[in-house]
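>>> Here is my input; please provide its structure:
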Amino acid sequence: MIEDIEKKVDVEIVYALLSGKVTNAINATLRKKLLDAGIDLTPAQVAVLYTLWHKDGVTQKVIAEQTAKDKPSITRILDLMEKSGLVTRKMGKEDRRSNIIKLTNKANGLRTKVQAATVAALEDGFHGLNDKDVAEVQRLMKKIFTNIGKYVDASY
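This next block holds a predicted model:
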């Protein structure tokens with residue numbers, strides 16, 4: 001059985017995925033592109049921004065779920081973002097135990113630059129791939145995440 005899998009799957013790629021090498025390489029590339037653009041944000045902060053750009057005024061729990069980060073990590077990320085003037089926290093009206101996170105004008109003003117840096121990082125990653133290849137990578141990644149995404153729990 002193991003031998004059959006090894007014939008179908010490049011074990012080096014599996015190791016790269018399991019060890020976080022792929023994620024680390026993507027994050028390092030994005031971090032460099034952000035710094036080159038004069039933006040001092042981490043990839044985790046960018047993930048929070050994208051979540052809020054998609055829908056502003058959500059709870060920390062929603063952000064944790066959308067970014068696949070645990071609650072303590074999101075709290076630390078939001079603490080830094082709040083100190084940097086990127087987000088505000090307000091106690092929820094219906095549930096005072098939950099905070100509503102909103103973007104500031106400063107964060108909204110970074111959107112174009114952050115998106116450009118993100119695109120530049122993706123272009124580096126997709127270098128040498130044609131449009132069909134890129135579409136296929138995206139299709140396959142969505143399929144893989146659909147298959148295993150049910151195991152992602154932001155509360156761990």
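>>> buried sites along the longest helix anywhere in the chain?
As assigned by DSSP state H, the longest helix anywhere in the chain is helix 131-148. Of all the residues in helix 131-148, not one is buried under the rule 16 or more other C-beta atoms under 10 Å. Using the backbone N, CA and C atoms, a C-beta is placed for each residue, glycine as well.
>>> same thing with stretch 70-88?
So, applying 16+ other C-beta under 10 Å, buried residues of stretch 70-88: Ile74, Ile77, Leu78, Met81, Leu86, Val87, Thr88.
>>> same thing with stretch 24-32?
Asn27, Thr29, Leu30, Arg31.
>>> Let me see the contact set for Ile39.
Each residue near Ile39 by C-beta atoms under 8 Å, 6 or more residues apart in numbering is listed here: Leu110, Lys113, Val114, Ala117.
>>> Kindly reformat those residues as a markdown table containing distance to Arg97.
Shown next, in a markdown table, are the contacts of Ile39 (distance: C-beta to C-beta, whole Å):
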| residue | distance to Arg97 |
| --- | --- |
| Leu110 | 30 |
| Lys113 | 35 |
| Val114 | 31 |
| Ala117 | 35 |
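>>> Farthest pair within the residues you listed?
Using C-beta to C-beta, the pair of those lying farthest apart is Leu110 and Ala117, separated by 9.7 Å.
>>> Look up how far Glu94 lies from the residue positioned nearest the centre of the chain.
In the chain, the residue lying closest to the centroid (C-alpha atoms, centre = their mean) is Ala47, at 3.8 Å. Using C-beta to C-beta, to the nearest Å, Ala47 is found at 26 Å from Glu94.
>>> Repeat that for Lys7.
Distance from Lys7 to Glu94, by C-beta to C-beta: 55 Å.
>>> picking that back up, name the element the residue nearest to the centre of the chain belongs to?
helix 43-54 (DSSP states H and E).
>>> C-terminal to that helix, what's the next element?
strand 58-59.
>>> Could you list every helix and strand that that next one packs against?
Judged by 3 or more C-beta pairs under 8 Å, 6 or more residues apart in numbering; DSSP states H and E, the packing partners of strand 58-59 are strand 99-103.
>>> so what strands line up beside the strand it packs on?
Paired neighbours of strand 99-103 in the sheet (DSSP bridges): strand 58-59 (antiparallel), strand 87-91 (antiparallel).
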